[in-house]
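Undergrad: quick one, structure for this:
(2 chains)
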Amino acid sequence: MTKIGVITFPGSLDDVDAQRAVRAAGAEPVALWHASDSVDGVDAIVLPGGFAHGDYLRAGALARFSPIMAAVADEASRGTPILGLGNGFQVLCEAGLLDGVLLRNAGQQFISRPQRLRVETKDTVWTVAFERGQEITLALKHGEGNFQAPAATLQQLEDNDQVVLRYLDNPDGSANDIAGITNARGNVVGIMPHPEYSVDDVTGPSSDGRPFFESVLRFLSVRA
Amino acid sequence: MPKPEILDPQGKAITGALEGLGFTGMSVRQGKRFEIEIDGDVTDEVLAQIRDAAERLLANTVVESFEVVAE
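TA: Next up is the predicted model:
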C-alpha cells in the first residue's frame, strides 16, 4: 500500500486530520517526528497545519531547521511528492523549497471560514485529479497567509504555471490572489487552505479536498 | 525591516491607530530588533558570524533587510 508520511512538529495541530485524510483516500499514513533524520522510505510527505515551534521568530522559521527537514529537502530534489498545508506551506517557503513568504493577513485578523478557490493548474502531482479552472471550496483558517514575493518571482510563478490555487475573494491580501504554489518541477506544493478538513461533507464545508490525495495516489500508481 | 516594496500589514495597522490618536503625518513600518551578547570583544569575525546568522535565521531576506550594529 502507498505510504504517505505526515510530519509532526512540536505545535503541529492538523497532523491527525492529515493522517485521516490519507487513510480515507486509500493510502497508509505514516507518522513522522520532526526530530528524526529520516522519512522512513515513504512515497510522499505531508507537512501539516498548526504552529510549529510556536511560530516564534516567523511562521516556519524554526521548523525549517528541524532535523527531518534535511531529509525532506533531499526527497524534494529526488522528485518525491511533498505537500505543505497552512503552516506546512510556511515551513516549505522558509526552507527555500517554495518561493515567496507568508506574512500577517492584511486585515490583521485570524480568518476561519469556508473559502472559494479556483484550481489554476493540474500540472502538479497533487492536483492531477482536478480540472484546470475548477472552482472548489476548502476550509480556511490562518492568521499569516498573506503570500508575497518580489515582483520578478511573482512574474516567474505566473509565466511557469506555478500558481496552483487562487482565491475567488482574496481574504488576506495575498499578491495576485495566490492561495497556493508549486515548485518548477511540480512535486512540491504548498497551499494555505486545508483539504484535510474538507474530505467529507459531515465534518467540513465540502469534500473538495479529496482530489489532492487522489491526485498523488494516481501519480504514484502510474510511476510505480 | 520589511523591504520598502513589500506590504507591511502591521505597520499599516499601527499607522491607522496613530492617526486615530491624532498623530497625523506619520507612516510606520514595523521590524524586529535582536540584542546579541558576545563573550569577549566584538571583532570583525564576530560581526561576520552575526551577519551569517541574520542571513540564515534571524531575517527572511526574501522580504526583509537587516543591519548589524555594535554598541
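Undergrad: so the closest residue to residue B:51 other than its chain neighbours is in which element?
TA: Counting by C-beta to C-beta, 6 or more residues apart in numbering or on different chains, residue B:51 lies nearest to residue B:68, which is 5.5 Å off, once chain neighbours are set aside. Yep, even glycine has a C-beta here, placed from its N, CA and C like the rest. Per DSSP states H and E, residue B:68 falls between elements, in no helix or strand.
Undergrad: what's the local residue count around residue B:68?
TA: The tally of other residues near residue B:68 (other C-beta atoms under 10 Å in any protein chain shown) stands at 16.
Undergrad: pull the contacting residues for it.
TA: Residue B:68 sits next to B:47, B:50-51, B:54 when contact means C-beta atoms under 8 Å, 6 or more residues apart in numbering or on different chains.
Undergrad: quick one: it from residue B:56, how far?
TA: 13 Å (C-beta to C-beta, to the nearest Å).
Undergrad: dump the worst-scoring helix or strand of chain B on mean pLDDT to CSV, keeping only the CA atoms.
TA: None of the helices or strands of chain B scores lower by mean pLDDT, DSSP states H and E than helix B:9-20, at a mean of 92. Extracted in CSV, the C-alpha atoms of helix B:9-20 (Å, rounded to 0.1, in the frame of the first residue of the first chain):
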residue,chain,number,x,y,z
PRO,B,9,0.3,44.9,7.3
GLN,B,10,1.4,45.5,10.9
GLY,B,11,3.0,48.9,10.2
LYS,B,12,-0.1,49.9,8.2
ALA,B,13,-2.4,49.0,11.2
ILE,B,14,-0.2,50.9,13.6
THR,B,15,-0.2,54.0,11.2
GLY,B,16,-4.0,53.8,11.3
ALA,B,17,-4.1,53.6,15.1
LEU,B,18,-1.8,56.5,15.4
GLU,B,19,-4.0,58.6,13.1
GLY,B,20,-6.9,57.7,15.4
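Undergrad: what's the per-residue pLDDT of residue A:21 here?
TA: With respect to pLDDT, residue A:21 has a value of 97.
Undergrad: so which strand or helix has it?
TA: Going by DSSP H and E, residue A:21 is part of helix A:15-24.
Undergrad: can you list contacts of the longest helix anywhere in chain A?
TA: Secondary structure of chain A read by DSSP state H shows that its longest helix is helix A:210-223. For helix A:210-223, the external contacting residues (C-beta under 8 Å, 6+ apart) are A:2, A:4, A:21-22, A:24-27, A:43-44, A:81, A:83, A:124-130, A:195, A:198-199.
Undergrad: buried ones from the residues you listed, can you make that a ChimeraX selection?
TA: Command for ChimeraX that selects the buried part of the contacts of helix A:210-223, burial taken from 16 or more other C-beta atoms under 10 Å in any protein chain shown:
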select /A:2,4,21,22,24,25,27,43,44,81,83,124,125,126,127,128,129,130,195,198,199
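Undergrad: lovely, talk soon.
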